[in-house]
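> starting from these lines, generate the structure:
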Amino acid sequence: MSVRKQLRTAACGLALTGVLVATAQGPATATPAASGPAEVSPVAAAEDAAARALARSLADTAWRAEAGRAVVRGGETGLAALADGARSRAAAPLAAEAAAADRSVLAAKGLGAGTGGLLTVSLTGDVDSRRAPLVAVAPSDDEAGAVTAYDTAGRLHTLSATEAPEVPVYVVGVDGEKAVEAGMAVLERELAAAGVSTAAAPAPAAAAAGTAATGFWTSRITSVRLADDKETWIKGDAEIFSIVSGFGLDGKVRVDTVTHPYLNDAGTTYYPNQILVNWSQYKYNLADTVMMEDDGDTNYSALAKAIAAALLTIADLGAYVPLVDPVVDAIPSSFWTDDADFVDAWYTLARETTGTRDGAGGNGRFTFDRYWVSAL
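A predicted model of the protein is given here:
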């Protein structure tokens with residue numbers, strides 16, 4: 001858990017031990033709830049529907065107190081689980097709407113029902129305030145200056161996207177860490193099905209035998225730091241993953257995915273000692289890395305199809321060809337709003353690369369060492 005999340009959770013306990021007054025005094029004039037933009041993503045629409053349902057349910061003071069205690073205990077709580085486990089009857093309509101919204105999110109992200117519920121609720125803003133809470137969803141556009149929030153009467157409030165509000169705000173969002181973990185499995189599985197070598201595809205028998213007998217060299221991340229994690233106050237921790245690409249032992253383009261669940265906050269140096277590249281899987285001693293951040297709307301199935309379509313046109317001509325540009329160019333244009341944000345890229349990492357390497361965009365910094373993984 002990040003320091004920011006720990007402080008938020010502790011403050012929530014202080015805010016909700018008292019009784020919140022019934023009238024929310026938001027930083028903007030309340031207006032009747034209005035429909036959202038004409039075109040919104042399916043995930044954003046599901047989040048908005050769930051936020052409205054939660055706001056309406058919190059009109060019941062007993063349920064509001066119960067929900068507040070549950071969120072404080074967990075910091076971030078599954079919305080469907082919260083509603084399903086409620087003692088108050090006022091949560092029953094919320095349970096049905098949360099389940100429907102979760103199904104919509106899973107479908108929109110290209111994930112199966114076995115992933116489980118992804119919608120969560122957390123508390124942020126001025127949690128010491130005794131004003132009634134609002135319920136908000138992060139904007140679908142990273143450049144948006146405003147956040148839409150609802151009160152228990154269904155009235156709409158406009159909050160700044162760059163400054164934390166002066167009222168407690170329940171935030172309905174997507175469990176990014178869970179989504180990324182499931183999404184990486186989908187990404188590798190669908191890339192493999194399309195003919196791109198991945199960890200989901202069996203390694204050539206000779207390579208597997210050689211690795212089992214000896215071991216293999218890796219590039220290990222000893223430290224990493226981001227200048228900007230592409231997140232606003234309302235979204236909390238970032239959900240970062242990397243796409244490592246090169247040419248496999250069979251001469252075909254290969255893609256491996258790496259998640260960075262610890263990489264929560266910009267301006268903080270992390271020391272994960274995490275393996276980024278397993279060189280026993282690559283024909284050349286060079287590979288490229290594209291680091292991305294899941295902002296909620298990422299459809300991993302669509303992302304896999306786009307990357308596969310671009311990479312399968314690249315042939316091994318006996319010399320290494322950098323793959324960063326094809327990967328980045330393959331990302332659908334919609335992904336540059338609130339889908340998988342581009343964080344940074346590292347061209348032509350070598351098996352011998354050690355020390356500090358800044359990303360091409362100047363946003364990320366890795367420090368590497370060479371690490372030998374011995375066979376058992």
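> shaky segments in the stretch 1-150 of the chain?
Filtered on pLDDT under 70, the stretch 1-150 of the chain yields the residue ranges 1-39, 73-74, 127, 139-144.
> helices along that one, start to end?
According to DSSP state H, counting those that start in this stretch, the stretch 1-150 of the chain carries its helices in the segments 3-15, 42-57, 61-74, 79-84, 92-108.
> in a markdown table: those, plus mean neighbour count and distance to residue 131.
Placement of C-beta: from N, CA and C, glycine included. Shown next, in a markdown table, are the helices of the stretch 1-150 of the chain (neighbours: other CB atoms under 10 Å; distance: least, CB to CB, whole Å):
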| stretch | mean neighbour count | distance to residue 131 |
| --- | --- | --- |
| helix 3-15 | 15 | 10 |
| helix 42-57 | 23 | 14 |
| helix 61-74 | 18 | 13 |
| helix 79-84 | 23 | 22 |
| helix 92-108 | 19 | 22 |
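> quick one, domains of this protein?
3-174, 177-374 (automatic domain parsing).
> and the next helix or strand past the one helix or strand residue 288 maps to?
Element membership for residue 288 (DSSP states H and E) is strand 286-294. Remark: after strand 286-294, the chain's next helix or strand is helix 300-311, criterion DSSP H and E.
> related to what we said a few turns ago, can you list the helices of the stretch 1-150 of the chain in JSON lines and add distance to residue 289?
As requested, the helices of the stretch 1-150 of the chain are exported to JSON lines (distance: least, CB to CB, whole Å):
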{"stretch": "helix 3-15", "distance to residue 289": "26"}
{"stretch": "helix 42-57", "distance to residue 289": "26"}
{"stretch": "helix 61-74", "distance to residue 289": "34"}
{"stretch": "helix 79-84", "distance to residue 289": "34"}
{"stretch": "helix 92-108", "distance to residue 289": "27"}
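> and of the ones you listed, who's closest to residue 262?
Closest approach to residue 262 among the helices of the stretch 1-150 of the chain is made by helix 3-15 (12.5 Å; CB to CB).
> quick one: low-confidence ranges for the stretch 151-300 of the chain?
Counting by pLDDT under 70, the stretch 151-300 of the chain has low-confidence residues at 201-213, 228-237, 295.
> I'd say residue 94 and residue 58 touch.
No. Counting by CB atoms under 8 Å, residue 58 is not a contact partner of residue 94; they are 9.1 Å apart.
> distance from the chain centre to the longest helix seen in the chain, please.
The longest helix of the chain (DSSP state H) is helix 176-194. When C-alpha coordinates are averaged (CA atoms, centre = their mean, to the nearest Å), helix 176-194 and its chain have centres 13 Å apart.
> got the CA positions of that helix in CSV?
Output of helix 176-194 as CSV, limited to C-alpha atoms (Å, rounded to 0.1, in the frame of the first residue of the first chain):
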residue,chain,number,x,y,z
GLY,A,176,-6.6,-1.6,-11.8
GLU,A,177,-4.2,-4.1,-10.3
LYS,A,178,-6.7,-7.0,-10.7
ALA,A,179,-7.6,-5.8,-14.2
VAL,A,180,-4.0,-5.6,-15.3
GLU,A,181,-3.2,-9.1,-13.9
ALA,A,182,-6.1,-10.6,-15.8
GLY,A,183,-5.4,-8.4,-18.8
MET,A,184,-1.8,-9.6,-19.2
ALA,A,185,-3.0,-13.2,-19.3
VAL,A,186,-5.5,-12.2,-22.1
LEU,A,187,-2.9,-10.2,-23.9
GLU,A,188,-0.4,-13.0,-24.0
ARG,A,189,-3.0,-15.7,-24.8
GLU,A,190,-4.4,-13.8,-27.7
LEU,A,191,-1.1,-12.8,-29.1
ALA,A,192,0.0,-16.4,-29.0
ALA,A,193,-3.2,-17.4,-30.7
ALA,A,194,-2.4,-14.9,-33.5
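> what are the contacting residues of it?
Residues from elsewhere that reach helix 176-194, judged by CB atoms under 8 Å, 6 or more residues apart in numbering: 109-112, 115-116, 118, 198-201, 237-239, 241, 255-257, 259, 261, 294, 296, 298, 300-301, 303-305, 307-309, 312.
> buried among those residues? Make that a ChimeraX selection.
Selecting just the buried residues from the contacts of helix 176-194 in ChimeraX takes one command, with 16 or more other CB atoms under 10 Å as the test:
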select :109,110,111,115,118,198,199,200,201,237,238,239,241,255,256,257,259,261,294,296,298,300,301,303,304,305,307,308
